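[1] Using only what follows, build the 3D model:
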Amino acid sequence: MQYARTVKSRILDSVQPGKVFVLLGARRVGKTFLLQQLLDDLPGKHLILNGEDISVHDQLKRKSVQNYKLFLGNVNNLVIDEAQKIPDIGSILKLIVDSFPKLIIIVTGSSAFDITNLTGEPLTGRKRTFNLFPLSELEFTQNETIIERYDNLKERLIFGNYPEVANYKNRADKIEYLKEIMNSYLLKDILMFDTIRNSSKLFDLLKLIALQMGNEVSYEELGRQLTINKSTIERYLDLLSKVFVIHKLKGFSRNLRKEIVKKPKWFFYDNGIKNAIINNFNPIESRNDTGALWENYIISERIKYQNYKAVYANNYFWRTYDGQEIDWIEEREGKLFAYEFKWKQKKSKTPLAFAKAYPDAEFLTITNENYPSFLGLI
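    As a prediction, this is how the structure comes out:
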(Lines give C-alpha, C1' and ligand atoms only; values in the text may rest on other atoms or scores of the structure.)
Protein backbone atom coordinates (compact mmCIF):
# COMPACT_ATOMS: atom_id res chain seq x y z
CA MET A 1 0.00 0.00 0.00
CA GLN A 2 1.32 3.43 -0.92
CA TYR A 3 0.75 6.65 0.97
CA ALA A 4 0.83 10.20 -0.35
CA ARG A 5 3.26 11.98 1.96
CA THR A 6 1.84 15.07 3.63
CA VAL A 7 5.02 17.11 3.20
CA LYS A 8 4.92 16.68 -0.58
CA SER A 9 2.52 19.57 -1.19
CA ARG A 10 4.60 21.91 0.99
CA ILE A 11 7.73 21.08 -0.99
CA LEU A 12 5.99 21.52 -4.34
CA ASP A 13 4.53 24.86 -3.23
CA SER A 14 8.00 26.04 -2.20
CA VAL A 15 10.26 24.58 -4.85
CA GLN A 16 11.84 27.09 -7.21
CA PRO A 17 15.07 27.59 -9.12
CA GLY A 18 17.95 29.31 -7.38
CA LYS A 19 17.69 27.40 -4.10
CA VAL A 20 18.66 23.99 -2.74
CA PHE A 21 15.80 22.04 -1.19
CA VAL A 22 17.07 19.68 1.51
CA LEU A 23 14.96 16.68 2.57
CA LEU A 24 16.16 15.14 5.85
CA GLY A 25 15.07 11.94 7.54
CA ALA A 26 16.19 8.58 8.89
CA ARG A 27 17.01 5.77 6.52
CA ARG A 28 14.02 3.77 5.26
CA VAL A 29 11.37 6.42 5.99
CA GLY A 30 10.61 6.85 2.27
CA LYS A 31 12.80 9.73 1.06
CA THR A 32 13.66 8.08 -2.27
CA PHE A 33 10.01 7.21 -2.92
CA LEU A 34 8.98 10.78 -2.11
CA LEU A 35 11.60 12.08 -4.55
CA GLN A 36 10.02 10.01 -7.30
CA GLN A 37 6.62 11.44 -6.43
CA LEU A 38 8.00 14.96 -6.53
CA LEU A 39 9.64 14.43 -9.90
CA ASP A 40 6.36 13.13 -11.32
CA ASP A 41 4.94 16.61 -10.66
CA LEU A 42 7.95 18.64 -11.79
CA PRO A 43 8.15 19.39 -15.53
CA GLY A 44 11.31 19.00 -17.57
CA LYS A 45 14.25 16.63 -17.62
CA HIS A 46 15.50 15.04 -14.41
CA LEU A 47 18.95 13.87 -13.31
CA ILE A 48 19.06 11.64 -10.23
CA LEU A 49 22.39 10.98 -8.51
CA ASN A 50 23.21 8.70 -5.59
CA GLY A 51 25.60 10.25 -3.09
CA GLU A 52 26.83 6.81 -2.04
CA ASP A 53 28.11 6.12 -5.58
CA ILE A 54 31.85 6.81 -5.81
CA SER A 55 31.56 7.61 -9.52
CA VAL A 56 29.25 10.50 -8.59
CA HIS A 57 31.96 11.82 -6.25
CA ASP A 58 34.44 11.72 -9.14
CA GLN A 59 32.07 13.57 -11.47
CA LEU A 60 31.39 16.36 -9.00
CA LYS A 61 34.78 16.89 -7.38
CA ARG A 62 36.22 19.03 -10.21
CA LYS A 63 34.53 22.28 -9.29
CA SER A 64 34.30 24.23 -12.50
CA VAL A 65 31.33 25.70 -14.35
CA GLN A 66 32.46 24.05 -17.59
CA ASN A 67 32.56 20.63 -15.95
CA TYR A 68 29.06 21.06 -14.57
CA LYS A 69 27.74 22.32 -17.93
CA LEU A 70 28.92 19.10 -19.57
CA PHE A 71 27.60 17.06 -16.70
CA LEU A 72 24.16 18.66 -16.43
CA GLY A 73 23.43 19.27 -20.10
CA ASN A 74 19.81 20.38 -20.50
CA VAL A 75 18.64 19.06 -17.13
CA ASN A 76 15.85 21.01 -15.40
CA ASN A 77 15.74 19.17 -12.08
CA LEU A 78 18.80 17.83 -10.25
CA VAL A 79 18.25 15.34 -7.43
CA ILE A 80 21.04 14.03 -5.19
CA ASP A 81 20.07 11.24 -2.80
CA GLU A 82 22.21 10.87 0.37
CA ALA A 83 24.03 14.07 -0.53
CA GLN A 84 25.95 14.24 2.77
CA LYS A 85 28.13 11.37 1.51
CA ILE A 86 29.71 13.60 -1.16
CA PRO A 87 32.88 15.40 0.02
CA ASP A 88 32.56 19.20 0.06
CA ILE A 89 28.96 18.98 -1.14
CA GLY A 90 28.11 22.44 0.25
CA SER A 91 30.55 24.36 -1.95
CA ILE A 92 29.69 22.14 -4.94
CA LEU A 93 26.01 23.00 -4.60
CA LYS A 94 26.79 26.68 -4.10
CA LEU A 95 28.67 26.81 -7.39
CA ILE A 96 25.89 24.94 -9.21
CA VAL A 97 23.17 27.18 -7.74
CA ASP A 98 25.06 30.35 -8.65
CA SER A 99 25.97 29.15 -12.15
CA PHE A 100 22.65 27.59 -13.19
CA PRO A 101 19.92 29.95 -11.93
CA LYS A 102 17.10 28.07 -13.72
CA LEU A 103 17.97 24.69 -12.23
CA ILE A 104 15.82 23.15 -9.47
CA ILE A 105 17.93 21.22 -6.95
CA ILE A 106 16.62 18.75 -4.38
CA VAL A 107 18.95 16.79 -2.09
CA THR A 108 18.29 14.27 0.66
CA GLY A 109 20.24 13.25 3.73
CA SER A 110 19.80 10.55 6.37
CA SER A 111 22.46 11.99 8.62
CA ALA A 112 23.05 15.41 10.07
CA PHE A 113 26.73 14.80 10.75
CA ASP A 114 27.89 16.68 7.69
CA ILE A 115 24.76 18.74 7.32
CA THR A 116 26.68 21.96 7.96
CA ASN A 117 28.07 21.37 4.49
CA LEU A 118 24.49 21.48 3.23
CA THR A 119 22.88 24.11 5.40
CA GLY A 120 25.81 26.03 6.82
CA GLU A 121 27.85 28.87 5.42
CA PRO A 122 28.19 27.65 1.79
CA LEU A 123 24.42 27.77 1.27
CA THR A 124 23.44 30.72 3.44
CA GLY A 125 20.27 32.18 1.91
CA ARG A 126 20.22 29.49 -0.76
CA LYS A 127 18.48 26.56 0.93
CA ARG A 128 15.17 25.39 2.37
CA THR A 129 14.98 22.36 4.66
CA PHE A 130 12.14 19.87 5.10
CA ASN A 131 11.94 16.85 7.41
CA LEU A 132 10.49 13.46 6.55
CA PHE A 133 9.51 11.07 9.32
CA PRO A 134 8.03 7.57 9.44
CA LEU A 135 4.40 7.54 8.34
CA SER A 136 2.11 9.79 10.33
CA GLU A 137 -1.47 9.53 11.55
CA LEU A 138 -2.23 12.25 8.99
CA GLU A 139 -1.12 9.84 6.27
CA PHE A 140 -2.72 6.70 7.68
CA THR A 141 -6.14 8.34 7.47
CA GLN A 142 -5.90 8.00 3.67
CA ASN A 143 -6.36 4.22 3.85
CA GLU A 144 -8.22 3.40 7.06
CA THR A 145 -11.71 3.95 8.34
CA ILE A 146 -12.61 5.45 11.70
CA ILE A 147 -13.69 1.96 12.81
CA GLU A 148 -10.26 0.52 11.95
CA ARG A 149 -8.37 3.41 13.56
CA TYR A 150 -8.34 2.24 17.18
CA ASP A 151 -7.11 -1.30 16.50
CA ASN A 152 -4.49 0.01 14.09
CA LEU A 153 -3.37 2.58 16.67
CA LYS A 154 -2.71 -0.19 19.21
CA GLU A 155 -0.58 -1.98 16.60
CA ARG A 156 1.38 1.18 15.84
CA LEU A 157 2.18 1.72 19.50
CA ILE A 158 4.05 -1.59 19.31
CA PHE A 159 5.43 -1.75 15.77
CA GLY A 160 5.72 1.91 14.87
CA ASN A 161 5.18 3.65 11.57
CA TYR A 162 7.98 2.78 9.16
CA PRO A 163 6.41 2.45 5.69
CA GLU A 164 7.43 -1.17 5.11
CA VAL A 165 6.32 -2.20 8.60
CA ALA A 166 2.91 -0.69 7.88
CA ASN A 167 2.58 -2.92 4.83
CA TYR A 168 3.48 -6.17 6.58
CA LYS A 169 0.49 -8.16 7.80
CA ASN A 170 2.43 -10.83 9.65
CA ARG A 171 3.67 -10.07 13.17
CA ALA A 172 6.90 -12.04 12.69
CA ASP A 173 7.69 -10.11 9.50
CA LYS A 174 7.25 -6.80 11.32
CA ILE A 175 9.62 -7.86 14.10
CA GLU A 176 12.25 -9.16 11.69
CA TYR A 177 12.15 -5.97 9.64
CA LEU A 178 12.46 -3.69 12.68
CA LYS A 179 15.47 -5.61 13.93
CA GLU A 180 17.02 -5.43 10.48
CA ILE A 181 16.67 -1.67 10.07
CA MET A 182 17.89 -1.14 13.62
CA ASN A 183 21.04 -3.19 13.05
CA SER A 184 21.76 -2.41 9.40
CA TYR A 185 20.49 1.10 8.71
CA LEU A 186 19.80 3.40 11.63
CA LEU A 187 23.28 3.29 13.15
CA LYS A 188 25.15 2.93 9.87
CA ASP A 189 26.11 6.60 9.67
CA ILE A 190 27.39 6.66 13.25
CA LEU A 191 29.50 3.53 12.98
CA MET A 192 31.34 4.94 9.94
CA PHE A 193 33.16 7.32 12.24
CA ASP A 194 36.58 6.29 13.57
CA THR A 195 35.74 7.65 16.99
CA ILE A 196 32.89 5.13 17.40
CA ARG A 197 34.66 1.81 17.83
CA ASN A 198 32.22 -0.10 19.99
CA SER A 199 28.68 -0.39 18.70
CA SER A 200 27.63 -2.31 21.82
CA LYS A 201 27.93 0.88 23.89
CA LEU A 202 25.51 2.64 21.55
CA PHE A 203 22.97 -0.16 21.86
CA ASP A 204 23.40 -0.25 25.63
CA LEU A 205 22.86 3.51 25.78
CA LEU A 206 19.75 3.28 23.61
CA LYS A 207 18.40 0.51 25.84
CA LEU A 208 18.85 2.67 28.92
CA ILE A 209 17.12 5.58 27.18
CA ALA A 210 14.27 3.26 26.16
CA LEU A 211 13.83 1.98 29.70
CA GLN A 212 13.88 5.53 31.12
CA MET A 213 11.63 6.99 28.45
CA GLY A 214 9.42 9.71 29.87
CA ASN A 215 11.77 10.40 32.78
CA GLU A 216 14.51 13.00 33.14
CA VAL A 217 17.90 11.65 32.14
CA SER A 218 21.09 12.11 34.17
CA TYR A 219 24.16 11.95 31.95
CA GLU A 220 26.33 11.24 35.01
CA GLU A 221 24.17 8.24 35.95
CA LEU A 222 24.18 6.91 32.39
CA GLY A 223 27.96 7.23 32.36
CA ARG A 224 28.28 5.27 35.59
CA GLN A 225 26.07 2.48 34.28
CA LEU A 226 28.00 2.23 31.01
CA THR A 227 31.45 2.97 32.48
CA ILE A 228 32.04 5.87 30.11
CA ASN A 229 32.39 9.57 30.91
CA LYS A 230 29.66 12.20 30.79
CA SER A 231 31.08 13.99 27.72
CA THR A 232 31.04 10.72 25.75
CA ILE A 233 27.41 10.11 26.78
CA GLU A 234 26.49 13.60 25.55
CA ARG A 235 28.35 13.03 22.28
CA TYR A 236 26.67 9.67 21.67
CA LEU A 237 23.23 11.11 22.36
CA ASP A 238 23.94 14.00 20.00
CA LEU A 239 25.01 11.56 17.28
CA LEU A 240 21.92 9.43 17.80
CA SER A 241 19.74 12.50 17.44
CA LYS A 242 21.54 13.47 14.23
CA VAL A 243 20.59 10.20 12.57
CA PHE A 244 16.99 10.75 13.70
CA VAL A 245 16.75 7.83 16.13
CA ILE A 246 15.99 9.86 19.27
CA HIS A 247 15.23 13.47 20.12
CA LYS A 248 15.62 15.60 23.22
CA LEU A 249 12.95 17.46 25.15
CA LYS A 250 14.04 20.20 27.54
CA GLY A 251 12.34 21.33 30.73
CA PHE A 252 10.31 24.53 30.67
CA SER A 253 10.93 27.28 33.17
CA ARG A 254 10.58 30.98 33.59
CA ASN A 255 12.99 30.96 36.51
CA LEU A 256 10.73 29.58 39.18
CA ARG A 257 12.96 28.03 41.82
CA LYS A 258 11.16 24.68 41.95
CA GLU A 259 11.14 23.98 38.19
CA ILE A 260 13.46 21.28 36.81
CA VAL A 261 15.40 22.34 33.73
CA LYS A 262 18.87 20.79 33.92
CA LYS A 263 17.89 17.17 33.13
CA PRO A 264 16.25 16.64 29.71
CA LYS A 265 14.01 13.82 28.57
CA TRP A 266 14.80 11.73 25.49
CA PHE A 267 12.23 10.12 23.21
CA PHE A 268 12.32 7.89 20.13
CA TYR A 269 11.07 9.08 16.77
CA ASP A 270 9.43 5.68 16.29
CA ASN A 271 7.84 3.26 18.75
CA GLY A 272 8.85 0.23 16.71
CA ILE A 273 12.53 1.10 17.05
CA LYS A 274 12.11 1.65 20.78
CA ASN A 275 10.51 -1.77 21.19
CA ALA A 276 13.16 -3.40 19.00
CA ILE A 277 15.86 -1.94 21.24
CA ILE A 278 14.37 -3.60 24.33
CA ASN A 279 13.14 -6.64 22.35
CA ASN A 280 9.57 -6.34 23.60
CA PHE A 281 6.77 -6.60 21.07
CA ASN A 282 4.05 -7.76 23.45
CA PRO A 283 0.60 -6.26 22.81
CA ILE A 284 -0.66 -3.25 24.72
CA GLU A 285 -2.94 -5.37 26.90
CA SER A 286 0.00 -7.20 28.46
CA ARG A 287 2.43 -4.27 28.82
CA ASN A 288 3.34 -2.35 31.95
CA ASP A 289 4.73 0.57 29.94
CA THR A 290 1.59 1.50 27.98
CA GLY A 291 1.62 5.04 29.35
CA ALA A 292 5.21 5.59 28.21
CA LEU A 293 4.49 4.10 24.77
CA TRP A 294 1.50 6.40 24.36
CA GLU A 295 3.50 9.44 25.46
CA ASN A 296 6.32 8.63 23.04
CA TYR A 297 3.91 7.95 20.20
CA ILE A 298 1.76 11.05 20.59
CA ILE A 299 4.83 13.27 20.98
CA SER A 300 6.37 11.91 17.77
CA GLU A 301 3.05 12.39 15.97
CA ARG A 302 2.74 15.96 17.24
CA ILE A 303 6.26 16.71 15.98
CA LYS A 304 5.26 15.37 12.56
CA TYR A 305 2.12 17.50 12.62
CA GLN A 306 4.11 20.63 13.54
CA ASN A 307 6.59 20.01 10.72
CA TYR A 308 4.10 19.10 8.02
CA LYS A 309 1.58 21.81 8.86
CA ALA A 310 4.14 24.56 9.58
CA VAL A 311 3.12 24.95 13.21
CA TYR A 312 6.01 26.86 14.75
CA ALA A 313 6.41 26.11 18.45
CA ASN A 314 8.99 25.63 21.16
CA ASN A 315 8.36 22.27 22.85
CA TYR A 316 9.10 21.38 26.47
CA PHE A 317 8.04 19.24 29.42
CA TRP A 318 7.37 20.78 32.84
CA ARG A 319 8.17 19.37 36.25
CA THR A 320 8.85 20.64 39.74
CA TYR A 321 11.10 19.16 42.40
CA ASP A 322 8.05 18.20 44.46
CA GLY A 323 6.68 16.02 41.63
CA GLN A 324 4.12 18.19 39.84
CA GLU A 325 4.49 17.67 36.09
CA ILE A 326 3.05 18.17 32.62
CA ASP A 327 4.07 15.96 29.69
CA TRP A 328 4.11 18.53 26.90
CA ILE A 329 4.27 22.31 26.74
CA GLU A 330 4.03 24.27 23.49
CA GLU A 331 5.07 27.88 23.42
CA ARG A 332 3.67 29.44 20.26
CA GLU A 333 2.68 32.95 19.28
CA GLY A 334 3.48 34.14 22.79
CA LYS A 335 1.06 31.72 24.48
CA LEU A 336 1.49 28.51 26.47
CA PHE A 337 -0.43 25.32 25.69
CA ALA A 338 -0.06 22.46 28.17
CA TYR A 339 -0.96 18.82 27.47
CA GLU A 340 -1.06 15.70 29.59
CA PHE A 341 -1.01 12.35 27.74
CA LYS A 342 -3.13 9.48 29.13
CA TRP A 343 -3.80 6.30 27.14
CA LYS A 344 -7.26 5.82 28.62
CA GLN A 345 -9.77 8.50 29.46
CA LYS A 346 -8.75 10.11 32.71
CA LYS A 347 -9.64 13.57 33.82
CA SER A 348 -6.55 15.58 34.75
CA LYS A 349 -6.35 18.88 36.51
CA THR A 350 -3.81 21.55 35.84
CA PRO A 351 -1.07 21.21 38.49
CA LEU A 352 -1.52 23.93 41.08
CA ALA A 353 2.00 25.31 40.78
CA PHE A 354 1.65 25.59 37.00
CA ALA A 355 -1.80 27.17 37.17
CA LYS A 356 -0.54 29.71 39.67
CA ALA A 357 2.64 30.55 37.73
CA TYR A 358 1.02 30.56 34.28
CA PRO A 359 -2.67 31.42 34.72
CA ASP A 360 -3.22 32.24 31.05
CA ALA A 361 -1.98 28.87 29.77
CA GLU A 362 -4.44 26.41 28.24
CA PHE A 363 -4.49 22.83 29.57
CA LEU A 364 -5.86 19.65 27.94
CA THR A 365 -5.55 15.91 28.49
CA ILE A 366 -4.96 13.89 25.30
CA THR A 367 -6.24 10.30 25.27
CA ASN A 368 -6.90 7.59 22.72
CA GLU A 369 -10.37 9.07 22.34
CA ASN A 370 -9.66 12.73 21.61
CA TYR A 371 -6.20 12.55 19.99
CA PRO A 372 -7.50 12.96 16.39
CA SER A 373 -8.18 16.66 16.91
CA PHE A 374 -4.75 17.11 18.53
CA LEU A 375 -3.14 15.71 15.37
CA GLY A 376 -5.35 17.54 12.87
CA LEU A 377 -7.22 14.43 11.75
CA ILE A 378 -10.64 16.03 12.20
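[2] how far is the longest helix along the chain from where the chain is centred?
    Of all segments of type helix in the chain, defined using DSSP state H, the longest is helix 290-308. Offset of helix 290-308 from its chain centre (Cα atoms, centre = their mean, to the nearest Å): 11 Å.
[3] in it, what's buried?
    By neighbour count with 16 or more other Cβ atoms under 10 Å, helix 290-308 contains the buried residues 290, 292-308. (C-beta placed from N, C-alpha, C; glycine too.)
[4] Ok, stretch 254-271 next?
    259-261, 264-271.
[5] what's the closest of these to Gly323?
    Ile260 (10.1 Å; Cβ to Cβ).
[6] Distance of that closest one relative to Val245?
    25 Å (Cβ to Cβ, to the nearest Å).
[7] Low-confidence ranges, the stretch 1-150 of the chain, go.
    Along the stretch 1-150 of the chain, segments meeting pLDDT under 70 span 112-121.
[8] where along it do the helices fall?
    7-14, 31-41, 54-61, 65-72, 89-99, 116-119, 137-140, 146-159 (DSSP state H, counting those that start in this stretch).
[9] Among the ones you listed, show me which one is buried the most.
    Counting by mean count of other Cβ atoms under 10 Å, helix 137-140 has the highest mean neighbour count of the helices of the stretch 1-150 of the chain, with a mean of 21.
[10] what does it contact?
    If you take Cβ atoms under 8 Å, 6 or more residues apart in numbering as the criterion, helix 137-140 is touched by 3-6, 149, 152, 156, 161, 166, 301, 304-305, 308, 371-372, 375-377.
[11] one more time with 6 Å, if that's ok
    3, 6, 301, 375 (Cβ atoms under 6 Å, 6 or more residues apart in numbering).
[12] Same check on stretch 352-364?
    By Cβ under 6 Å, 6+ apart, stretch 352-364 touches 256, 320, 324, 336-339, 350.
[13] Could you do stretch 223-232 as well?
    204, 219-220, 233.
[14] Of those, just the buried ones, PyMOL syntax please.
    In PyMOL, a selection of the buried entries from these looks like this (16+ other Cβ under 10 Å):
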select buried, resi 204+219+233
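[15] Can you say which two of the contacts of stretch 223-232 are spatially most distant?
    Asp204 and Glu220 (16.1 Å).
[16] before we move on, the earlier item: in TSV: the contacts of stretch 223-232, plus distance to Gln212 and secondary structure.
    Below are the contacts of stretch 223-232 laid out as TSV (distance: Cβ to Cβ, whole Å; DSSP: H, G, I helix; E, B strand; the rest coil):
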residue	distance to Gln212	secondary structure
Asp204	13	helix
Tyr219	12	helix
Glu220	14	helix
Ile233	13	helix
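[17] rewinding a little: parallel or antiparallel, list what pairs with the helix or strand following the longest helix of the chain.
    Sequence-wise, the next helix or strand downstream of helix 290-308 (DSSP states H and E) is strand 314-319. Here strand 314-319 has these sheet partners by DSSP bridges: strand 246-251 (parallel), strand 325-332 (antiparallel).
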